[in-house]
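Student: Sequence first, then the predicted structure:
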Amino acid sequence: MQLPPALSRRLRRLPPHRPVARRSEARQAGSLPTAREMNENSTGNPRRSGPPLLKVRGLEVRFGARRRSGAVEAVRGISFTVEAGETLGLIGESGSGKTTVARAVVGLVRPSAGSVSLEGTQITGLPERESRRVRRRMHLIFQDPYDALHPGMRISEIVEEPMRIQGVRDRIRRHEAVLAALEEVGLTPASRFAGRYPHELSGGQRQRVAIARALVLEPALVLADEPTSMLDVSLRAEILQILKRHRDKRGAGYLFITHDLALARHFCDRIAVMFRGRIVELGPAETVVTDPRHPYTRTLLRAAEELSPRPTIEAARAANRYHPDHARYNGAEESWAEDDGELREIAPDHYVARQIVRQPASRNPTTDKEEQSAT
């Protein structure tokens, strides 16, 4: 796609992408690797200095703490990092806490505990004005393009709005940036789409507008919440190609939220599998998909393999083989393993939640032993 002059000027101002360094032999305790470190270990590149693009540590989000029935723990002390130019896929079924993590990172949800840092600056706890300045460097693409766009605003106004919110007063600059962003996502000629309203566009075009709105401020970090789930299969590849092109050209980091492991394997460098507010497995995308070590990850893969275009009773059961309260469950009278929330490295750059294997009380109520989930 031929880039317009306005976009070309914007791209020339971007710093050159620097490859991520090889991970050090002596990593600090509790520090998790980034995907670029994983994928470029074999290249012998020198270690990159400086903080990661995004650093989340001990993040907790609780809802309804004042209710008599108690709080709902949506996110339970998770930690991860994202480097510039890499994509971390956050995988899990509905209710696992994926979207809440993204909303907490961008400030739409207040964390109950933990910290979020962007480019070395801790965002949590900052005054509102300073927080807004830092968060200008990140943007969230919502799942539903039908609800994400104001029906009474023209496309140019929708894409321009983040710049006005962030205090960009130059109208000519805003206009050029809007046209460049629309061109970048394939809405060409941009002038033909700028004056339209959302209801005049198709679902795929609306999602492109949502992406243009997210990219117009040239964010360093893009959080994409199921950006293709509302689209036809024929349109998904086009949307993913737009995101991939932006990531590769600008060196942006991506937190990509999805329930589709096959999609994450294709698009992401690294995958973090979430279950009930915790990360239970973390590693290179190819490794997690081809050699899953946590029982829940295996269940997700098995369910995806067994689900067919025409659902069957067996396929429906496959999606529910994972016990709702424990990390592994082999039957009403068998042993189970419960996650303790701590990630252990069970293979190079591959982390799995440690588990406590418990025997049923009817057999041996006193025998509990620790077990690595890979065994």
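Tutor: Arrived safely.

Student: C-alpha only now, for contacts and for neighbours.
Tutor: Will do.

Student: Quick one: low-confidence residue ranges for the chain.
Tutor: 1-49, 65-69, 306-341, 355-375 (pLDDT under 70).

Student: So which residues of the stretch 1-150 of the chain form helices?
Tutor: Taking DSSP state H, counting those that start in this stretch as the criterion, the stretch 1-150 of the chain carries its helices at 5-12, 35-39, 98-106, 128-135, 145-148.

Student: what ranges do the helices span in the stretch 251-375 of the chain?
Tutor: Using DSSP H, counting those that start in this stretch, helices in the stretch 251-375 of the chain cover 261-267, 285-290, 295-306, 313-318.

Student: What helices and strands are in contact with the helix or strand in which residue 192 is found?
Tutor: In this assignment (DSSP states H and E), residue 192 forms part of helix 190-194. Under the contact definition 3 or more C-alpha pairs under 8 Å, 6 or more residues apart in numbering; DSSP states H and E, helix 190-194 sits against helix 155-165, helix 171-184.

Student: Mind listing what's buried along it?
Tutor: Under the neighbour-count criterion of 16 or more other C-alpha atoms under 10 Å, helix 190-194 has 190, 193-194 buried.

Student: helix or strand right after that helix?
Tutor: Past helix 190-194, the next helix or strand by DSSP H and E is helix 203-215.

Student: Can you name the residues in contact with that following helix?
Tutor: 139-142, 144-146, 148-149, 155, 158-162, 178, 181-182, 184-187, 198, 222, 227, 231, 235, 239 (C-alpha atoms under 8 Å, 6 or more residues apart in numbering).

Student: how many other residues sit next to residue 153?
Tutor: Residue crowding around residue 153 was assessed by other C-alpha atoms under 10 Å; the count is 14.

Student: if I look at it, how far off is residue 165?
Tutor: As for residue 153, its distance to residue 165 is 15 Å (criterion: C-alpha to C-alpha, to the nearest Å).

Student: Over to residue 204?
Tutor: Where residue 165 is concerned, residue 204 sits at a distance of 26 Å (C-alpha to C-alpha).

Student: In terms of neighbours, single out the busier of those two.
Tutor: Shown here are residue 204 and residue 165; by other C-alpha under 10 Å, residue 204 has more neighbours (19 against 11).

Student: how close does that one sit to residue 282?
Tutor: As for residue 204, its distance to residue 282 is 31 Å (criterion: C-alpha to C-alpha).

Student: quick one on the thing from earlier: just the buried residues of helix 190-194 now: which is nearest residue 93?
Tutor: Of all the buried residues of helix 190-194, the one with the least separation from residue 93 (C-alpha to C-alpha) is residue 193, at 35.7 Å.

Student: The closest one against residue 155, yeah?
Tutor: Yes. Counting by C-alpha atoms under 8 Å, residue 193 does reach residue 155; the two are 6.8 Å apart.

Student: care to break this structure down by domain?
Tutor: As recorded under the TED database, the domains making up the chain are 50-137+222-242+252-308+338-359, 145-218.

Student: What is the end-to-end distance of the shortest one?
Tutor: From the first residue to the last, domain 145-218 extends over 20 Å; the measure is C-alpha to C-alpha.

Student: thinking again about what came up before, could you identify the buried members of the contacts of helix 203-215?
Tutor: Buried, going by 16+ other C-alpha under 10 Å: 139-142, 144-146, 148-149, 155, 158-162, 178, 181-182, 184-187, 198, 222, 227, 239, out of the contacts of helix 203-215.

Student: Give me the neighbour count for residue 108.
Tutor: Going by other C-alpha under 10 Å, the residues that sit close to residue 108 add up to 11.

Student: One more: residue 93?
Tutor: Quick note: residue 93 (other C-alpha under 10 Å) scores 16 neighbours.

Student: same check, this time on residue 133
Tutor: As a burial measure, residue 133 scores 11 neighbours (other C-alpha under 10 Å).

Student: Identify the residues contacting it.
Tutor: So residue 133 contacts residue 166 (C-alpha under 8 Å, 6+ apart).

Student: How much space separates it from residue 83?
Tutor: 20 Å.

Student: next one: residue 102
Tutor: For residue 102, the distance to residue 83 - C-alpha to C-alpha - is 16 Å.

Student: now residue 279
Tutor: Per C-alpha to C-alpha, residue 279 is found 18 Å from residue 83.

Student: And for residue 305?
Tutor: Distance from residue 305 to residue 83, by C-alpha to C-alpha: 31 Å.

Student: what about those two, which has more around it?
Tutor: Neighbour totals were compared for residue 305 and residue 83, and residue 83 leads with 25 against 11 (other C-alpha under 10 Å).

Student: That one against residue 56, yeah?
Tutor: No. Using C-alpha under 8 Å, residue 83 makes no contact with residue 56, being 11.8 Å away.

Student: Okay, buried residues for stretch 166-183 please.
Tutor: 174, 177-183.

Student: Closest one to residue 106 out of the residues you listed, please.
Tutor: Residue 106 lies nearest to residue 181 out of the buried residues of stretch 166-183, by C-alpha to C-alpha, at 21.3 Å.

Student: Isn't the closest one up against residue 216?
Tutor: Yes. Between residue 181 and residue 216 there is a contact under C-alpha under 8 Å: 5.7 Å.

Student: Now do the strands in the stretch 1-150 of the chain.
Tutor: Counting by DSSP state E, counting those that start in this stretch, the stretch 1-150 of the chain has strands at residues 54-63, 72-82, 87-91, 113-118, 121-122, 138-141.

Student: Columns distance to residue 294 on top of those, output as JSON lines?
Tutor: Below are the strands of the stretch 1-150 of the chain laid out as JSON lines (distance: least, C-alpha to C-alpha, whole Å):
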{"stretch": "strand 54-63", "distance to residue 294": "21"}
{"stretch": "strand 72-82", "distance to residue 294": "16"}
{"stretch": "strand 87-91", "distance to residue 294": "13"}
{"stretch": "strand 113-118", "distance to residue 294": "25"}
{"stretch": "strand 121-122", "distance to residue 294": "32"}
{"stretch": "strand 138-141", "distance to residue 294": "29"}
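
Student: I'm done for today, thanks for sticking with me.
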